[in-house]
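Enquirer: need a structure here:
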Amino acid sequence: MDRRPLMRRKDREVTDPEQIRQIILDCPCCRVGFYDEGDIYIVPMNFGYVENGEQKTFYFHGAAEGRKASLIQNSPHVGFELDANYSLIKGENACGYSAYFQSVIGTGRIQRVERLEEKKAGLLALMQHYTDSPDWTFSTSSLQSVEIFRLDVETLSCKAHLNFA
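Expert: Just a heads-up that it's a prediction; the model follows:
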């Protein structure tokens, strides 16, 4: 069953996989929304992004303890949101205002990464996202002490409203 929300503005929907990938890579952070016993808890996080065939995966790093780590353990189904290239469009009156933007939203399952090789892959994805360099090394002790989380995307939609002038 496809659980994607219906997009009202089909003229702004982005479906090209390469365009979606580029929008994700242009985003400075990924906001992850957790369900916490009746409350919603949203955390902006630095991320790395990897595609393996059709599977889209985000990697994050964080503390081994605390609210986020506890929620990942107890309630791994999450929502996420990324946005980039925001620009206000001024109008003559309040209803005439709008915005240019690109956004990606979706759902998935998040879990702690245990294997050192996958931790390394996640850290490399993070570092490449923020530095554009794939050349990083990590000591075994660093890999053992860092917490890496993997979000496997289940649903994803992308929308854009840009000024091409």
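
Enquirer: hang on, isn't I148 packed against A63?
Expert: No: if you go by Cβ atoms under 8 Å, I148 and A63 don't touch, sitting 11.6 Å apart. For every residue, glycine as well, the C-beta is placed using N, CA and C.

Enquirer: comparing these two, which residue is more hemmed in?
Expert: For I148 versus A63, neighbours defined as other Cβ atoms under 10 Å are more numerous around I148 (23 against 10).

Enquirer: show me which positions of the helix or strand harbouring that one end up buried.
Expert: Under the criterion of DSSP states H and E, I148 resides in strand 147-161. For strand 147-161, a neighbour-count test (16 or more other Cβ atoms under 10 Å) marks 147-151, 153, 157-161 as buried.

Enquirer: the helices in this protein, which residues?
Expert: Ranges of helices in the chain, per DSSP state H, are 17-26, 67-74, 116-131, 140-145.

Enquirer: mind listing residues that contact the shortest one?
Expert: So the one you mean is helix 140-145. 116, 119-120, 123 (Cβ atoms under 8 Å, 6 or more residues apart in numbering).

Enquirer: repeat that for stretch 108-117.
Expert: In contact with stretch 108-117 (Cβ under 8 Å, 6+ apart) are residues 32, 58-60, 69, 72-73, 76-78, 80, 119, 122, 140, 143-144, 147-155.

Enquirer: now that stretch: average pLDDT?
Expert: In this model, stretch 108-117 carries a mean pLDDT of 96.

Enquirer: send the alpha carbons of it over as CSV?
Expert: The C-alpha trace of stretch 108-117 is given here as CSV (Å, rounded to 0.1, in the frame of the first residue of the first chain):
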residue,chain,number,x,y,z
GLY,A,108,11.1,5.6,7.5
ARG,A,109,12.6,3.5,10.2
ILE,A,110,15.6,4.5,12.2
GLN,A,111,18.0,2.3,14.1
ARG,A,112,21.4,2.3,15.7
VAL,A,113,24.2,1.1,13.5
GLU,A,114,26.3,-1.6,15.3
ARG,A,115,28.8,-2.9,12.6
LEU,A,116,32.1,-0.9,12.4
GLU,A,117,32.1,-1.0,8.6
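
Enquirer: identify the residue nearest the most centrally placed residue in the chain in space, chain neighbours excluded?
Expert: Geometric centre of the chain, nearest residue: C30, 3.9 Å, by Cα atoms, centre = their mean. Nearest non-adjacent residue to C30, counting by Cβ to Cβ, 6 or more residues apart in numbering: F47, 4.3 Å away.
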